[in-house]
Each structure stands twice: as structure tokens, then as C-alpha cells.
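quick one: sequence plus predicted model below, questions after.
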Amino acid sequence: YGLSIVDTGRWSSVGHGGGLPGFGSHMRWAPDYGVGIVALANVTYARVHQACLEALGVLIDAAELPPRRVPPAPALQQARDGVLRLLQGWDDALADRLFADNFFLDEDRARWRRRFEKLATAHGALRPDGELEAENWLRGAWRMTGERGSCRIWLSLMPALPARIQAMALKSTLPPSPAMQDVAERLAALTARPTRRDLARLCARGADVDALWDRVRLVNILCGPCTVQGVLGGDGASRAVFRFEGPKGGVEAELTLAPDGARLLDAEFQQPGTA
């Protein structure tokens, strides 16, 4: 459509300009805030793009607008309720009503049933924790808390009537084992005063210590001395994703332990929002 996208680092906008002899215009919207600006000028192909962008920024900042929240559509809420019923006990008839024709072609019914049963085995009884967070009228996610850990369920509905589920993702998070928690704490402590000797003591045989050394030093530069602020994902025993937070910023640290479950085999660090 010839739309241009501008990211200021604080908010993003989408727009398009145009004109004719004796006329110029530009329109720009900030979708995350639900507002827009239209500029009209009586000069041929007037350059009002920058003025429009600045006016939109003044509108967002001066009004202290919060990001727009998309309300869950009834169809999305009904799909969520159906998935909650399947989590209590798999029902083929209910699954047929919930899922689109493509769903079990992409991944067969027996595998999805095993994945639901595995969630119940890993977490115990699961219950909704918080509201359904809608991306739009056809997509959304919510958190489930169990006796052990939590999981996050994401749904995407097909754009048709009835709006059945065409895609679903399950992200399971189990509490870290004592050994995993200890490795995470020791690795976070290394970001305060990195030493290659201490890192080598933490690592398992076969770990790429050179690569890990570079990553730990980079976290030290970007974030400063970090502490562990929580677990974000993983099975808790062999793999876990932790939130490391320092005075200059935070990172998500994905840790993998060696088969003995006691020493670090690999660690990847990523700043939130850079995937």
C-alpha cells in the first residue's frame, strides 16, 4: 500500500503522503495507541511528513496515552474456554468443534492429546492466572498456574465463521532444580566481576569456555552486576531461561546443563525485544 513505518524508539507509526498541483497531504497513525494525525496543505506536494510525525509525538506524550488494549473478541474467549475444558480431560468431539480443518494435519490428534496429558503430568492441576491478553480479535494468550510451575497458551483463530483454532502454542515453565538455580546464581555473580578461572570451574567438559567468556563480559558491559530475578521458561532440570537484571539493564539468560545436571554446558544471553 506504499505505507512507511517509523520507529522512534518509544513508539512506532505508519503513514503515507500524497499530493497534486496546489495540494499536499500526509497521514500517520500510531496503531499501539489508537490515534492518528492527518495534515493537509495548500502547497503543491507540501513536505508535511515531519510536521505530522512531530504532531503525533506531541499528542502521545502530552496526553500521556497508555498503549491501547485490544478487548478479547467473543470468539477468542469461547476458544479459550474450550481449551480449558480440554485441559481437564481430552474430548474428541469437543476438539472437532474447536479446531480448524488444517489443525490436525499440521500435527496429528494423538500427539496433541499426549501434549495436553504431559502438561497435566508435569504441572498438576492447572488454573487460569490472569486475563486473556488479546493481540487482536483473532489472536491471544493467557497464563496457567499449576501445582508445579506454569504454562502459557497462545491461540490463533481462522478468519472465517465459525472462527475455529488454526494454530496453538504451549510454553511450559517448570521450577529450576537446586543445581540449576545454583548455576544461575553463580553465573549472575560472574557478571559483577568476571574471571575466566571462576567461569571454567562452573563449566562442564565440552563447554565452549571461550565463547561463554565473551558473552559474560558483554553482559557485564551492557547490564553491570546482575542478580537472578526469576525464571521465564524451560524444564528446570536440563534447560531454563532466567531473567538477569543489573543497574544498566536486563537480559534473558538461557542456560543448558550437562547430562550430569550439575555443570554449565552452554549459556545464551538476549536482551528483551531483540529476537
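Yep, it's here. The shown structure was predicted, so the numbers you read here are calculated from the model rather than taken from an experiment.

if I read this right, residue 215 contacts residue 266, doesn't it?
No - in this structure residue 215 lies outside contact range of residue 266 using CB atoms under 8 Å: 9.8 Å. Using the backbone N, CA and C atoms, a C-beta is placed for each residue, glycine as well.

in a helix, residue 76, correct?
Yes - looking at residue 76 with DSSP: H, G, I helix; E, B strand; the rest coil, it is inside a helix.

that one: what's it in contact with?
Going by CB atoms under 8 Å, 6 or more residues apart in numbering, residue 76 touches 132, 134, 137, 138, 139, 140, 155, 157, 163.

flag whichever of the residues you listed scores worst on pLDDT.
pLDDT across the contacts of residue 76 is lowest for residue 137, at 88.

give the contact list for the closest residue to that residue other than its chain neighbours.
In space, and not counting its chain neighbours, residue 137 is closest to residue 73: 4.0 Å by CB to CB, 6 or more residues apart in numbering. By CB under 8 Å, 6+ apart, the contact set of residue 73 is 134, 137, 138.

okay, buried residues for stretch 227-236 please.
228, 231, 232, 233, 234, 236 (16 or more other CB atoms under 10 Å).

state the mean pLDDT of that stretch.
The average pLDDT for stretch 227-236 rounds to 93.

who touches it?
149, 171-177, 180-181, 184-185, 188, 240-246, 250, 252, 254-255.

cutoff 7 Å now
171, 173-177, 180, 184-185, 188, 240-245, 252 (CB atoms under 7 Å, 6 or more residues apart in numbering).

got it, and stretch 240-250?
By CB under 7 Å, 6+ apart, the residues outside stretch 240-250 that reach it are 176, 180, 184, 188, 191, 219, 222-234, 251-255, 271-272.

same question, stretch 100-111
Outside stretch 100-111, the residues within contact range by CB under 7 Å, 6+ apart are 95, 158, 164, 165, 166.

let's see 10 Å
If you take CB atoms under 10 Å, 6 or more residues apart in numbering as the criterion, stretch 100-111 is touched by 90, 92, 95-96, 99, 112, 114-115, 156-158, 160, 162-168.

over to stretch 3-23?
1-2, 24-33, 35-49, 52-53, 56-57, 60-61, 65, 67.

give the buried subset of those as a ChimeraX selection command.
Here is the ChimeraX command that selects the buried residues among the contacts of stretch 3-23 (16+ other CB under 10 Å):
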select :24,25,26,27,28,29,30,33,35,36,37,39,41,46,48,49,52,53,56,57,60
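
which ones among the contacts of stretch 3-23 lie within strands?
Mapping the contacts of stretch 3-23 onto strands (DSSP state E) picks out 24-30, 35-41.

list the buried residues of stretch 110-120.
Across stretch 110-120, burial judged by 16+ other CB under 10 Å covers 112, 116, 119.

repeat for stretch 262-269
263, 264, 265, 266, 267, 269.

ditto for stretch 216-225
In stretch 216-225, counting by 16+ other CB under 10 Å, buried: 216, 219, 220, 222, 223, 225.

which element follows the host helix or strand of residue 87 toward the C-terminus?
Using DSSP states H and E, the element containing residue 87 is helix 74-88. Remark: after helix 74-88, the chain's next helix or strand is helix 92-98, criterion DSSP H and E.

can you add distance to residue 124 and secondary structure and give the buried residues of stretch 227-236 back as CSV?
Conversion of the buried residues of stretch 227-236 to CSV gives the following (distance: CB to CB, whole Å; DSSP: H, G, I helix; E, B strand; the rest coil):
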residue, distance to residue 124, secondary structure
228, 25, strand
231, 17, strand
232, 20, strand
233, 18, strand
234, 18, strand
236, 14, coil
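
quick one: the helices in the stretch 101-250 of the chain, in order.
With DSSP state H, counting those that start in this stretch as the criterion, the stretch 101-250 of the chain has helices at 103-106, 109-123, 178-190, 196-202, 209-223.
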